[in-house]
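# coords below, sequence missing:
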């Protein structure tokens, strides 16, 4: 289910579209959200959906491990040289919002090693509803929540829910089993986000990540225009 709102145009994207050598750099999209919401599964699904058309890479963030990167490697969603892991050693939001140096270095190293790239996905470690990415690190943000976390999450708001360029409500197939009201979540998300888009998805059958992949392609078209 997609709450259909217009996508932001090129003016909403970062103006710094070039690397120091003058070549166009990759579009960077950050994915944040609470622990267990399905960020890594969404990244994996996006890689499968986009890898045949785009040159892309992924940076994952974990506090003390490389677990998310290792999951992507086991799933073989991209060649190993296109997946990089950052161990933040602290709360995940610090490495995506406050001190972005480790992530920025990982992004730039990927472009140097396997570029030119069209797209880099930067996945945050699991965090709370306040997690947002620095505009110095990413050009657009996706925030992932899931219905098992409670259907009051959109109503609670927080910067992740209210300001992300795309809100993904994941695991909709679980709604009947956890007592979550999808219509209520859609109404609350609309109230919190106004014209910003929302996608409801399940990665188990159905359309899967199709709508999110289409949104990513739209951002890339604006980036390269």
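The structure has been received and is ready for your questions. All figures in this text were calculated on a predicted structure; none of them were measured in a lab.

# any idea which helix or strand carries the residue most central in space within the chain?
Centroid-nearest residue in the chain: residue 31, 2.3 Å away (criterion: C-alpha atoms, centre = their mean). Assessed by DSSP states H and E, residue 31 sits inside strand 27-32.

# show me what that strand is packed against.
helix 39-50, strand 119-123, strand 140-146, helix 210-224 (3 or more C-beta pairs under 8 Å, 6 or more residues apart in numbering; DSSP states H and E). C-betas here are computed from N, CA, C, even on glycine.

# in it, what counts as buried?
27, 28, 29, 30, 31, 32 (16 or more other C-beta atoms under 10 Å).

# if we ignore the residues flanking it in sequence, what's nearest the third one?
By the measure of C-beta to C-beta, 6 or more residues apart in numbering, the closest residue to residue 29 outside its immediate chain neighbours is residue 140, 5.0 Å from it.

# is it true that the one you found touches residue 220?
No - Residue 140 lies out of contact with residue 220 (C-beta atoms under 8 Å); the separation is 9.8 Å.

# residue ranges with poor pLDDT in the protein?
Along the chain, the model assigns pLDDT under 70 to residues 1-16, 19-20, 22.

# can you show me the strands along it?
2-3, 27-32, 56-62, 83-87, 119-123, 140-146, 166-170, 198-200 (DSSP state E).

# adding distance to residue 40, write these out as CSV.
Below are the strands of the chain laid out as CSV (distance: least, C-beta to C-beta, whole Å):
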stretch, distance to residue 40
strand 2-3, 22
strand 27-32, 9
strand 56-62, 7
strand 83-87, 11
strand 119-123, 6
strand 140-146, 10
strand 166-170, 11
strand 198-200, 17
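
# residue 87 pairs with what?
Residue 87 has these beta-bridge partners by DSSP bridges: residue 62.

# wait, isn't it in contact with residue 68?
No - Residue 87 lies out of contact with residue 68 (C-beta under 8 Å); the separation is 10.8 Å.

# for these two, indicate the residue with more neighbours.
residue 68 (24 against 16; other C-beta atoms under 10 Å).

# residues contacting that one?
Residue 68 is in contact with 39, 40, 43, 60, 61, 62, 85, 123, 125, counting by C-beta atoms under 8 Å, 6 or more residues apart in numbering.

# can you flag the buried ones in those residues?
By 16+ other C-beta under 10 Å, the contacts of residue 68 give 39, 40, 43, 60, 61, 62, 85, 123, 125 as buried.

# quick one, what contacts the fifth one?
Spelled out, it's residue 61. 68, 85, 86, 88, 92, 95, 96, 103, 122, 123, 124, 125.

# picking up where we left off before, relative to residue 152, which of the strands of the chain is closest?
Of all the strands of the chain, strand 140-146 sits nearest to residue 152, with 10.7 Å by C-beta to C-beta.

# direction included, what does the closest one pair up with?
Counting by DSSP bridges, strand 140-146 is paired with strand 27-32 (parallel), strand 166-170 (parallel).

# residue 110 is nearest to which of those strands?
For residue 110, the closest of those is strand 27-32, at 10.4 Å, according to C-beta to C-beta.

# quick revisit: who has more neighbours out of residue 140 and residue 220?
residue 140 (24 against 21).

# pull the number of nearby residues for the nearest residue to residue 166 once chain neighbours are set aside.
Leaving aside its chain neighbours, residue 166 sits nearest to residue 142 (4.7 Å; criterion: C-beta to C-beta, 6+ apart). The tally of other residues near residue 142 (other C-beta under 10 Å) stands at 28.

# many thanks, I have nothing further to ask.
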